[in-house]
Every structure is written in structure tokens, then in C-alpha cells.
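Peer 1: Here is my input; please provide its structure:
(chains A and B)
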2 protein chains.
Amino acid sequence: MSIVVVGSIALDDVVTQNGSIKNAPGGSSLFFSAAASLFAPVYLVGVVGDDFPREEIEFLERRQVNLDGLSIIRGGKTFRWAGEYEIDMNKRRTTNLELNVFLQFDPVLPDNARRAPYVFLGNIGPQLQMKVLDQVENPKLVALDTMECYINDNLQALKEVLQRIDLLFINDSEAQLLAGTPNLMNAARKLLGMGPRYVVIKKGEHGSMLFGDNLFFTVPAYPVENVIDPTGAGDSYAGGAMGYIAMADLTTPSVLKKAIVYGGLIASFSVQDFSLNALKNTTNTDIEQRMTEFRSLVSF
Amino acid sequence: MSIVVVGSIALDDVVTQNGSIKNAPGGSSLFFSAAASLFAPVYLVGVVGDDFPREEIEFLERRQVNLDGLSIIRGGKTFRWAGEYEIDMNKRRTTNLELNVFLQFDPVLPDNARRAPYVFLGNIGPQLQMKVLDQVENPKLVALDTMECYINDNLQALKEVLQRIDLLFINDSEAQLLAGTPNLMNAARKLLGMGPRYVVIKKGEHGSMLFGDNLFFTVPAYPVENVIDPTGAGDSYAGGAMGYIAMADLTTPSVLKKAIVYGGLIASFSVQDFSLNALKNTTNTDIEQRMTEFRSLVSF
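Peer 2: Got it, this is the predicted structure:
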């Protein structure tokens, strides 16, 4: 079954201890699409300028990502983000941010995208996420990711949209901030009380946890020795997880657990190269091999 | 089979957001003994003053912990530590430290303890750990724990003792410090290069990882919602792991993996109350129940 994703599409300049890249495709919905399309058909809704590289569009088309909802603004400049990672890659600082065409982004879903049974609201403001929700038709599962700036600056709108979703993907530090408690178990319970049926807390290199009514699952991360670029890891994670759910077309506990394991594995591929490079080259065989390896790493 | 443990024995004053306790038994070898004795016979070698509570001695005796190597210094005062935890329990500060009788501690192992096949060198200075190693007779497995102050202030001696051990238990932040790299996979490889055959990196609430030649295993922590007092969690972990290894009397990959799972579970009991209180009340039935529960939390 198909997934509609709405979020940012960016051109990134990234500096890490392992090198740097400029004008590289990024943004939450692009990482999500590159990941989810490994499992299921994706409708991508977003906006770019006409500086957005043609070959990235072609990559998405090869992955059968439907681009009917992608606005390409003539003469416009794509959203730009630049950031630098410290040696400890959990720490990064934004060195430049230009919203450009994203400033006027008003998501309009094509008819086919409105009927997608799975919906992912990527890292955009909660008001925009709400506008997307107003357009979808009876989805089976709506998932949402958010980020620190919306928790700090847009809490009321975020809380409203949380009432209308099924699955929240959130970082550990964001979960602590939003729930107001350092203990992740307590935080998850509070977040479940805010609306979603399921909460997934992403802990980066420490793995992730899935919470729901009578449902709890914890899984370590697949260990990556040589992290090249962590940008987009969280979106790749969500893409892998949602892609697996849409492929299974089920939200049973067993499927949700496997989904977040796949999410972690897809993120582990994503960070092994800059931008979308690793996700572009990942095959289903690679994924299944890593799954087999991962099962042996965690079995006792 | 039996384990000899040498380390600190303390009386702790602990303040957390959940309350406080004074004059509570603590120290690396006491937490270790309370944990390991759930699985295997323990020889405890250490020193206390005659202010050390009689009932704690009796508890250890009930657990069949052999105290031939425990010196009780008449008129002496037991090692004292006081600390305060922040709301984020990963952060604590030491508010008082009195070495007292520990200042003159010169570990002498009774004959029976010298022949114990499993050895745990708790958190004491590497010179003292070396003195213990000089006394043991052909052990099957020697494990060591260390802490930040020895990495910073006593690195040469620590590196010497690392050459002579089999299994290093170490925190994530200590592993990064000792190896000089933030990536735990890289850090583990460097630590293996320093001597030990196996390295266990403890990540607190994020679980732990086991590294060896052709051996890698990662496991999340059993999630504890209401952490009362994290003091001694690492020593309880090591005690559970070493206790399981000594009980199995094997160091196969399968046993080592299960050992660190048990270590994590024992630590999860330990933090649920102040001081040794939770470990005192934990039964083998409790442990097996938690193991069953944990297996279901991590299976997919």
C-alpha cells in the first residue's frame, strides 16, 4: 500500500570530521522517500526551486516515487540548510538556513495522494501538518515527526495535531522536552496521553523504543563503525519503518516491532555516506543481509 | 565455581530527587557481592572500620559470601562517599569523600580466595588491582572495572594491569576517554588492543555491548520506570554477569552473551531502591521472571 509524505526538501551543505559536501539533496521528506520507497510506493508532496538537480528527480522517479504533488517553482531557490558536526556526531550546529521557496509552501495533495492509506507528516510546522491532515481521506495510519523548534515555539499547534495522529516518531531529547521528564518510560506514557496510539522514541546510536497500549519493545541500533554523515538518519528511520508497515499493510504489534527494526537498519545505511548516497545504492538484498546479521548480533 | 572480588566497601550518603539515605552500605565490591552471590559463591576481600553495620555482615553471610578476606579495623572508620544526583540521573556530583581505613588498604587474599577460578578487580587503583593479580593462582577469567579518575591520573598503571586481564567492564564515557574516540565500536577495538580478550561497554539506560575476537553482541537495558538510586548499578551489572559466568563455569560466546543480559537485569533490580536494598530482596524467581519478560520485550 502507498504512503504520502509531506515535509521539507532541501539542498544541504554538510561538514563532518570525515569530509564535506555542498548542494546535496536533503530534507525530511527526501530522506523519508528514499528510505520508504525501498518497501512501498510513495507520494511525495513538497516544493523546490528550479535549482533542484534534475538527477535527483530522476532518482525518485526510478524508485517509483509519485511526484504529482511536487511543486517546482520557476526562478525559485530550494530550501537550504548548512550544518557542521563535531567529532561527537551527536552534536551539530546549523551554520546557515534559507527557507526560500519553502517560505510560501502550502501543501496541496493531488487526489491520488489524498487516498494513500499511510500518511507521514515530516518535520514541518504543525500548522502545515494540520493542513495535510485536513486533506487526507480516511487513512489507516497517520505518523508524525517533529523537532525541538516546534516544541519550543509552537507547542499549542503541535499538541492539537498530536490529537489527530496515530504514531509519533520523536528523538529522545525531544521526547524529554515535550513530556517534561528525563525518564523515557515516563516520557512515553505522557506522550501517549497527548493523543497518538503509538510512540517511537529514537535514540540514535542507542537504538529505539516502541510504546503503545499493552505494547512495549526496545531494540539496539545496528552499530556503524564509520559514520560519515548522520543528516537525515531520523527521517530514513521513519521512512524504513513506515515503508515496512505500508508493505505489510498491517499495524499488528509484530509488524510494528519489525518496522522499527527495519527503520533502524535503513538509518544505519543512510549514515554510511553523505546525503542520499547510501540510500540510493542500498538494495533489498543489502537490507535482508543486514537484518540477518542484526538478528545474530542481538540474539542470546 | 567461585569468584573472588576485591574493591571498595563504603558507607554512602545519597541524595536523589526521590529521597535520600545516610550511612548506607555501598562500594564496588559490596554491590558486586550482593549481585554475584545470587548465582555463585563469592570471596570478598576488603576493609571496613568497626562502624560498619553488623547486619550487613550478616546479610553477606546469609548469601554465603566468604569473608575470610574482610579486614575489620578496630577503631577505624569505613570509607565514606556522599553524592547527589540531578533530575537526569546520569548526572551526579560527589559531595564528600573520606577514604578512612581504605587509605591503608593492602589487599591480602586468603588461600581459598587465591584459588577462586574467577576474579573481579573492582573500582580501586590499578596498583592495588595488580597486587591482587600477583596473588591469584591460575584463574580461568580475570575481569576488571575501572573509573575515570584512574584513566586520568593513573593511566600507565592501568594500561599495565589491562595487559593481564581477560575481560574489561567499562562505561561508555570511560571507554571513549580511555580509547580517545567517541565511536564506541572504534573505542572497543582500541581497548581490545590494550590487552583484554573481551570488552563490555556499559551504557546505563541504553544497555550494553560485548566485544571480542569474532564476537559482538548488543543488548538494550531492561527499562526501569522509577529509578530510585543508580549508585552501584555498574557493579551490580558486573556482579550479575560474573556470577552467571562462574555459575556456568564457561566462557563460550553463548554464556558471555547471556551473562551480560543477566548483568543488565541485575542492575535493573539494583536501581529500584537505595543502597543494596533491592538486591537484598531479589530472588532467583524474580530474576527468571524478569528474564522471561525481557526476552519478550526484545524479540521481533
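Peer 1: Helix or strand: which one has A:Phe216?
Peer 2: For A:Phe216, the enclosing helix or strand under DSSP states H and E is strand A:215-219.
Peer 1: Counting by contacts, list what whichever helix or strand comes after that strand packs against.
Peer 2: Heading C-terminal from strand A:215-219, the first helix or strand you meet, by DSSP H and E, is helix A:233-248. Packing partners of helix A:233-248 (3 or more CB pairs under 8 Å, 6 or more residues apart in numbering or on different chains; DSSP states H and E): strand A:3-6, helix A:28-36, strand A:118-121, strand A:141-145, strand A:167-171, strand A:198-202, helix A:253-270. Heads up, the C-betas are built off the backbone N, CA and C, glycines and all.
Peer 1: which helices and strands does the helix or strand following the third one pack with?
Peer 2: The reference is to strand A:118-121. Helices and strands here follow DSSP H and E; after strand A:118-121, the next one along the chain is helix A:126-133. If contacts are counted by 3+ CB pairs under 8 Å, 6+ apart, helix A:126-133 sits against strand A:3-6, strand A:118-121, helix A:155-162.
Peer 1: can you redo the ones you listed as a markdown table with mean neighbour count, mean pLDDT and distance to B:Leu276?
Peer 2: Formatted as a markdown table, those follow (neighbours: other CB atoms under 10 Å in any protein chain shown; pLDDT from 0 to 100; distance: least, CB to CB, whole Å):
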| stretch | mean neighbour count | mean pLDDT | distance to B:Leu276 |
| --- | --- | --- | --- |
| strand A:3-6 | 30 | 98 | 51 |
| strand A:118-121 | 30 | 98 | 48 |
| helix A:155-162 | 16 | 98 | 42 |
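Peer 1: Could you export those as CSV, including distance to chain B?
Peer 2: What follows is those, written out as CSV (distance: least, CB to the nearest CB, whole Å):
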stretch, distance to chain B
strand A:3-6, 21
strand A:118-121, 20
helix A:155-162, 20
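Peer 1: Can I get the ones you listed in a markdown table including distance to B:Pro107?
Peer 2: Converted to a markdown table, the helices and strands packed on helix A:126-133 look like this (distance: least, CB to CB, whole Å):
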| stretch | distance to B:Pro107 |
| --- | --- |
| strand A:3-6 | 62 |
| strand A:118-121 | 59 |
| helix A:155-162 | 57 |
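Peer 1: re earlier: what is the orientation angle of the strand holding A:Phe216 with helix A:253-270?
Peer 2: Relative orientation of strand A:215-219 versus helix A:253-270 (axes from the mean of the first three to the mean of the last three CA atoms, to 10 degrees): 30 degrees.
Peer 1: May I have the residues that are in contact with the most centrally placed residue in chain A?
Peer 2: The residue lying closest to the centre of chain A (CA atoms, centre = their mean) is A:Asp235, at 2.2 Å. By CB atoms under 8 Å, 6 or more residues apart in numbering or on different chains, the contact set of A:Asp235 is A:Gly7, A:Ser28, A:Ser29, A:Leu30, A:Phe31, A:Phe32, A:Ala35, A:Gly122, A:Asn123, A:Asp145.
Peer 1: now with 10 Å?
Peer 2: If you count contacts by CB atoms under 10 Å, 6 or more residues apart in numbering or on different chains, A:Asp235 has them with A:5, A:7-8, A:26-36, A:120, A:122-123, A:145, A:169, A:266-267, A:270.
Peer 1: And A:Asp145, by the same measure?
Peer 2: Here A:Asp145 is in contact with A:7, A:28, A:32, A:120-124, A:129, A:167-171, A:174, A:200, A:202, A:234-235, A:237-238 (CB under 10 Å, 6+ apart).
Peer 1: Need the buried ones from those selected in ChimeraX.
Peer 2: Of the contacts of A:Asp145, the buried ones go into a single ChimeraX selection, burial set by 16 or more other CB atoms under 10 Å in any protein chain shown:
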select /A:7,28,32,120,121,122,123,124,129,167,168,169,170,171,174,200,202,234,235,237,238
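Peer 1: ok, the residue nearest to the centre of chain A to chain B distance?
Peer 2: For A:Asp235, the distance to chain B (CB to the nearest CB, to the nearest Å) stands at 22 Å.
Peer 1: Which per-residue confidence value corresponds to that residue?
Peer 2: According to the prediction, A:Asp235 has pLDDT 97.
Peer 1: same deal with the one 5 residues further on?
Peer 2: Note for A:Gly240: predicted pLDDT of 98.
Peer 1: How about A:Asp88?
Peer 2: pLDDT, A:Asp88: 83.
Peer 1: And A:Ser71, by the same measure?
Peer 2: pLDDT, read off for A:Ser71, is 97.
Peer 1: which SSE is it in?
Peer 2: strand A:65-73.
Peer 1: Pairing partners for that strand, with directions?
Peer 2: strand A:42-49 (parallel) (DSSP bridges).
Peer 1: For the stretch 1-150 of chain A, which residues are neighbours of chain B?
Peer 2: Proximity of the stretch 1-150 of chain A to chain B is confined to A:Gln17, A:Glu86, A:Ile87, A:Asp88, A:Met89, A:Asn90, A:Lys91 under the rule CB under 10 Å from any CB of the partner chain.
Peer 1: ok, of the residues you listed, which one's closest to chain B?
Peer 2: For the residues of the stretch 1-150 of chain A next to chain B, the closest approach to chain B (CB to the nearest CB) belongs to A:Asp88, at 4.4 Å.
Peer 1: Now do the SS call for the closest one.
Peer 2: The local conformation at A:Asp88, judged by DSSP: H, G, I helix; E, B strand; the rest coil, is coil.
Peer 1: So it sits against B:Asn183, correct?
Peer 2: Yes: between A:Asp88 and B:Asn183 there is a contact at 9.0 Å, judged by CB atoms under 10 Å.
Peer 1: before we move on, back to that, pairing partners for the strand holding A:Phe216, with directions?
Peer 2: Strand A:215-219 is paired, per DSSP bridges, with strand A:208-212 (antiparallel).
Peer 1: ok now the strand it pairs with, how far from the chain's centre?
Peer 2: 16 Å (CA atoms, centre = their mean, to the nearest Å).
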